[in-house]
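Peer 1: here is my input; please provide its structure:
(one chain, ligands or ions: 1)
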Amino acid sequence: MTTEHAQGQRPADAAADGRAVLEVTGLDVHYGSRRQRRRALHDVSLSVAPGETVGIIGETGSGKSTFARTVLGLVRASAGRIVIGGEDVGAYGGRQWRRLRRRGIVQYVFQDPLRSLDPDLTVEESLIEPLLIQGVARQEATARARTFLARVQLSEELLDRLPGELSGGQRQRVAVARALVTEPKLIILDEPVSALDSANRVQILQILKDLRAAGVALVFISHDLGSVAGVADRIAVLYQGELVEVGAAREVITAPRHVYTRLLVGSAPTLRTASADRAERDRLRALLHA
Ligand SMILES: Nc1ncnc2c1ncn2[C@@H]1O[C@H](COP(=O)(O)OP(=O)(O)OP(=O)(O)O)[C@@H](O)[C@H]1O
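Peer 2: Predicted structure coming up:
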């Protein structure tokens, strides 16, 4: 692999002065044991400031979901440090993770909303559940559920429906509303628009932009640079489990430094940059695999 220097692998300024919502340092993750042991992430360092949207892009198998699942405590890291809202969660066990989740500081949205939503709970039940767990009174929780449903532009008529009775786009918006009700500091979104048609994709991306404006920090994971480009303040590029480039979104798109990023930019049809022609992409691929 060509090792052009990865920019921004050091925590950003917000992390340095202790304000980061998420600070990941030197993260290594392996799957399997002994001879089957395979590295999925290596020496990944990334920080997210309050209200910042960081896009993580990379092709299939690059480790994007592993990053999300490790930050959410669903996969254990073999090395590194993860600090969420000032708490070092690296050594947290199940009970501590449950307590952290209950406090609603970090929430998540997955590609398939059926994984984020309980199929047996109505939209209303799904939205008020995290609030009831936090001890919010039912009446207050119900009012907040309605407020957040409106924020994702859904009608109150849907409150009594089960996830299976909604369209894919409506379901994903409910998943986003559920992630929002506890007013978290950080939301991890793993391919939130990949399963949606273009109209729904545009709507969800607009909702994410509005969230950013409201001060929620977002980690927006996608294989599609075009989706991330319009929303992210910074973009981090994962290649074979390593962050090869991190920088301001505009810079990563207009002046990509790593050869893999150049290939991604050159292959993204929706970006308003001159896309590389086939010969150029072949040249970049050859360079990448040299
Ligand atoms: N539970 C698991 N057990 C063993 N290996 C796994 C497991 N989950 C992921 N991997 C491997 O780890 C690597 C990273 O996978 P990961 O799902 O994080 O990539 P990704 O970038 O999210 O890919 P995609 O875009 O296809 O979801 C891949 O080689 C994958 O095969």
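
Peer 1: hey, let's count contacts and neighbours off CA atoms from now on
Peer 2: Will do.

Peer 1: all strands of the stretch 101-250 of the chain, in order?
Peer 2: 106-109, 186-190, 217-222, 234-239, 242-248 (DSSP state E, counting those that start in this stretch).

Peer 1: pipe these into JSON lines and attach mean pLDDT per row.
Peer 2: Below are the strands of the stretch 101-250 of the chain laid out as JSON lines (pLDDT from 0 to 100):
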{"stretch": "strand 106-109", "mean pLDDT": "89"}
{"stretch": "strand 186-190", "mean pLDDT": "93"}
{"stretch": "strand 217-222", "mean pLDDT": "94"}
{"stretch": "strand 234-239", "mean pLDDT": "96"}
{"stretch": "strand 242-248", "mean pLDDT": "96"}
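
Peer 1: among those, which is nearest residue 73?
Peer 2: strand 106-109 (10.8 Å; Cα to Cα).

Peer 1: strand partners (parallel or antiparallel) of the closest one?
Peer 2: Using DSSP bridges, the strands paired with strand 106-109 in its sheet are strand 186-190 (parallel).

Peer 1: tell me the buried residues in the strand it pairs with?
Peer 2: For strand 186-190, the neighbour count (16 or more other Cα atoms under 10 Å) marks 186, 187, 188, 189, 190 as buried.

Peer 1: out of the strands of the stretch 101-250 of the chain, deepest packed?
Peer 2: Comparing the strands of the stretch 101-250 of the chain by mean neighbour count (mean count of other Cα atoms under 10 Å), strand 217-222 ranks first with a mean of 26.

Peer 1: in a markdown table, list the strands of the stretch 101-250 of the chain along with distance to the ligand.
Peer 2: Below are the strands of the stretch 101-250 of the chain laid out as a markdown table (distance: least, Cα to the nearest ligand atom, whole Å):
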| stretch | distance to the ligand |
| --- | --- |
| strand 106-109 | 14 |
| strand 186-190 | 8 |
| strand 217-222 | 7 |
| strand 234-239 | 8 |
| strand 242-248 | 11 |
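
Peer 1: minimum distance to residue 173: which of these has it?
Peer 2: Between these, strand 106-109 lies closest to residue 173; by Cα to Cα that is 9.7 Å.

Peer 1: now the closest residue to residue 146 other than its chain neighbours: how far from the ligand?
Peer 2: The shortest distance from residue 146 to any non-neighbouring residue, by Cα to Cα, 6 or more residues apart in numbering, is to residue 156 (6.8 Å). With distances taken as Cα to the nearest ligand atom, to the nearest Å, residue 156 is found 33 Å from the ligand.

Peer 1: if we can go back for a sec, which one of the strands of the stretch 101-250 of the chain lies closest to residue 68?
Peer 2: Within those, the stretch nearest residue 68 is strand 186-190; the backing value is 6.7 Å (Cα to Cα).

Peer 1: before we move on, back to that, thought the residue nearest to residue 146 was touching residue 149?
Peer 2: Yes. If you go by Cα atoms under 8 Å, residue 156 and residue 149 touch, sitting 7.2 Å apart.

Peer 1: quick one: which of those two has more around it?
Peer 2: residue 149 (24 against 14; other Cα atoms under 10 Å).

Peer 1: that one and the ligand: what is the separation?
Peer 2: Distance of residue 149 to the ligand, computed by Cα to the nearest ligand atom: 28 Å.

Peer 1: who are the contact partners of that residue?
Peer 2: By Cα atoms under 8 Å, 6 or more residues apart in numbering, residue 149 lies in contact with 155, 156, 174, 177.

Peer 1: most neighbours among the residues you listed, which one?
Peer 2: residue 174 (29 neighbours).

Peer 1: residue contacts, it?
Peer 2: Contact analysis of residue 174 by Cα under 8 Å, 6+ apart lists 123, 127, 149, 152.

Peer 1: apply 6 Å and report the result again.
Peer 2: Neighbour list for residue 174: empty [criterion: Cα atoms under 6 Å, 6 or more residues apart in numbering].

Peer 1: how close does it get to residue 99?
Peer 2: Using Cα to Cα, to the nearest Å, residue 174 is found at 23 Å from residue 99.

Peer 1: how near is residue 242 to residue 256?
Peer 2: In this view, residue 242 and residue 256 are 16 Å apart by Cα to Cα.
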